[in-house]
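# whatever this is, show me its structure:
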Amino acid sequence: MKKLFANRTAQMNSLCALLMIVLLVLQFSAFWTYGESNELSCSLQSYIWFPADNTALTKHLEALVPGHAINSIIIMPLLVLVTAVIGIVLICVKPGQPLNALLPVACGAVGVWGYLSKAEFQLGAGWQLHLALCILIALCGLLSLIMSARGEKQ
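Residues are numbered from 1 along each chain as shown. Down below sits the predicted model:
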């Protein structure tokens, strides 16, 4: 176990993996609430993967965001899912590998871009938490890259 966290790059990469796990859990948790008395909810990933099962949410979003289409918001959740899963796996296999920090940077940057550029995401409950987590993931990944470039070991 001591070898696992022998350098700061491994420590920072492991923190990135933990934060990406939290982000993934949030992506599969209730995000949008809708209906007459907000009794219905849907997660980001559920809406992206099963839009036909969530037609009421589509109608709700169309009413609030002119020109809403599922294809306009599909990229961010998919890229976050892919980069987070691959990043978590690579960091768990080789936590001290400096280049593994590129995936958290990409995951966080895509998330920040998505949450700030699409009005549909800003209608979700707790989107600010998602955004803050994406910023933190990107910053931790950048810090890991900087620390590994400087050769910091302890």
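
# other SSEs contacting the one helix or strand residue 32 maps to?
Using DSSP states H and E, residue 32 sits within strand 30-34. Packing partners of strand 30-34 (3 or more C-beta pairs under 8 Å, 6 or more residues apart in numbering; DSSP states H and E): strand 40-43, helix 44-49, helix 55-64. Where you see a C-beta, it was placed from the backbone N, CA and C, and this is true even at glycine.

# burial count for residue 72?
11 (other C-beta atoms under 10 Å).

# what's the closest non-adjacent residue to it?
residue 118 (7.1 Å; C-beta to C-beta, 6 or more residues apart in numbering).

# which residues touch residue 77?
27, 44-45, 48, 114 (C-beta atoms under 8 Å, 6 or more residues apart in numbering).

# just residue 144 next, same as before
9, 12-13, 16, 98, 101, 104.

# cool, and residue 149?
Taking C-beta under 8 Å, 6+ apart, one finds residue 98 in contact with residue 149.

# give the rounded mean pLDDT of whatever helix or strand it lives in.
Remark: residue 149 resides in helix 127-150, with elements defined by DSSP H and E. On average, the pLDDT along helix 127-150 is 93.

# for that helix, which positions count as buried?
127, 130-131, 133-134, 136-138, 140-145, 147-148 (16 or more other C-beta atoms under 10 Å).

# same thing with stretch 17-35?
Quick answer for stretch 17-35 (16+ other C-beta under 10 Å): 17, 19-20, 23-24, 26-27, 31-34.

# closest to residue 71 among these?
residue 32 (17.3 Å; C-beta to C-beta).

# and the closest one, bridged to which residues?
Applying DSSP bridges to residue 32 gives these bridge partners: residue 42.

# hmm, residue 42 and it touching each other?
Yes - shown here, residue 32 and residue 42 form a contact pair, counting by C-beta atoms under 8 Å, at 5.1 Å.

# which neighbours do the two share?
Common contacts of residue 32 and residue 42, defined by C-beta under 8 Å, 6+ apart, comprise residue 57.

# tell me which element residue 116 is part of?
Per DSSP H and E: helix 102-117 holds residue 116.

# just how off-centre is that helix within its chain?
Distance of helix 102-117 from the chain centroid (C-alpha atoms, centre = their mean, to the nearest Å) equals 7 Å.
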